[in-house]
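# missing the sequence, but the structure's below:
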């Protein structure tokens, strides 16, 4: 579900199934590990100061490969050239600031490839993997114009400690596994609006049941109120326990 391509100019040097950008560096030099590498050219190790272009793609739900991002590296050291694991030291530059490479998104796709999933509720509040997971879901499924057909959708508020927890649960409940239903409440509203336009009608007759709402903190009460108002605007029947 992950495809890495490394090019020297127009020439394809290698393809790989995983990339690991080491998260910490004592200086501006970065360490990258390419794994499960298939070499298209392996007769000459790229020399120092060689500029390489890295393209990262993911396999989407519809079975198509989607281009995620690309960045350039200025190669300083190379180890394992021609083998299945290639380690490089380099400087990194990226032109598109809107698509800065995030290792966490690749890590999520690798988990899915291994038929595993993120342990969401073991993550601390505001952990970067929560945002990366939601971004991975958006890339994988896109913005859905339909949802799982149920008469009752349940959200357990005892599991919600921040906005991203709700979005994770809502994605599962309304879209399904790896489902995207917004990265914040504004885009959550937009996702429901997209489904509404496709549906051609409000959501009359469908119930959203919020479980364990009696002992919410003041912060969660405020969030809960905002969430309820969005559902009510789209004419869901909102119930709580």
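That came in fine, so what should we check first? The structure displayed is predicted, hence computed values, not measured ones.
# contacts and neighbour counts: CA atoms only from here.
Noted.
# Break this protein into its domains for me.
The record's domain parsing of the chain by automatic domain parsing lists 2-105, 117-240.
# Out of these, which gets nearest to residue 111?
Ranking those by proximity to residue 111 (Cα to Cα) places domain 117-240 first, at 5.8 Å.
# Pull up the distance across the closest one, start to finish.
Start and end residues of domain 117-240 are separated by 29 Å (Cα to Cα, to the nearest Å).
# centre of the chain versus it, how much separation?
The chain centroid and the centroid of domain 117-240 are separated by 16 Å, computed with Cα atoms, centre = their mean, to the nearest Å.
# Repeat that for stretch 46-55.
27 Å.
# center of this protein, which residue is that?
Within the chain, one residue has its C-alpha closest to the average C-alpha position: by Cα atoms, centre = their mean, that is residue 136, at 1.8 Å.
# hang on, that one in a helix?
Yes - when DSSP: H, G, I helix; E, B strand; the rest coil is applied, residue 136 is found to be in a helix.
# Could you dump the domains of the chain into CSV with mean pLDDT and distance to residue 111 added?
Output for the domains of the chain, formatted as CSV (pLDDT from 0 to 100; distance: least, Cα to Cα, whole Å):
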stretch, mean pLDDT, distance to residue 111
domain 2-105, 89, 10
domain 117-240, 97, 6
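# List the buried residues for the biggest strand by length in the chain?
Assignment by DSSP state E gives strand 65-79 as the longest strand of the chain. Neighbour counts over strand 65-79 (16 or more other Cα atoms under 10 Å) mark 68-76, 78 as buried.
# Kindly report the same for stretch 7-27.
Counting neighbours by 16+ other Cα under 10 Å, one finds that the buried residues in stretch 7-27 are 7, 13-19.
# quick one: residue 84 is in a strand?
No - when three-state DSSP is applied, residue 84 is found to be coil, with no strand at that position.
# Can you name the residues that contact it?
Residues in contact with residue 84 (Cα atoms under 8 Å, 6 or more residues apart in numbering) are 35-38.
# what's the farthest-apart pair in these?
Distances among these were taken as Cα to Cα; the most separated pair is 35 and 38, at 9.1 Å.
# hey, what's in contact with both of the two?
Counting by Cα under 8 Å, 6+ apart, the common neighbours of residue 35 and residue 38 are 16, 84.
# Spell out the secondary structure type for residue 224.
Assigned state for residue 224: helix (three-state reduction, three-state DSSP).
# Please name the residues that touch residue 51.
8, 72-75.
# these two touch, right, residue 138 and residue 180?
Yes - Residue 138 lies in contact with residue 180 (Cα atoms under 8 Å); the separation is 5.3 Å.
# ok, the two, which is more surrounded?
Each of residue 138 and residue 180 has its neighbours counted (other Cα atoms under 10 Å); residue 180 has more, 29 against 19.
# which residues does that one contact?
Neighbours of residue 180 in contact, by Cα under 8 Å, 6+ apart: 134, 137-138, 141-144, 167-168, 171.
# hmm, 7 Å instead?
If you count contacts by Cα atoms under 7 Å, 6 or more residues apart in numbering, residue 180 has them with 134, 137-138, 141, 143, 171.
# Dump those residues into JSON lines; add distance to residue 46 as well.
Below are those laid out as JSON lines (distance: Cα to Cα, whole Å):
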{"residue": "134", "distance to residue 46": "36"}
{"residue": "137", "distance to residue 46": "36"}
{"residue": "138", "distance to residue 46": "36"}
{"residue": "141", "distance to residue 46": "37"}
{"residue": "143", "distance to residue 46": "41"}
{"residue": "171", "distance to residue 46": "44"}
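# any idea which of the residues you listed has the most stuff around it?
Going by other Cα under 10 Å, residue 137 tops the contacts of residue 180 with 26 neighbours.
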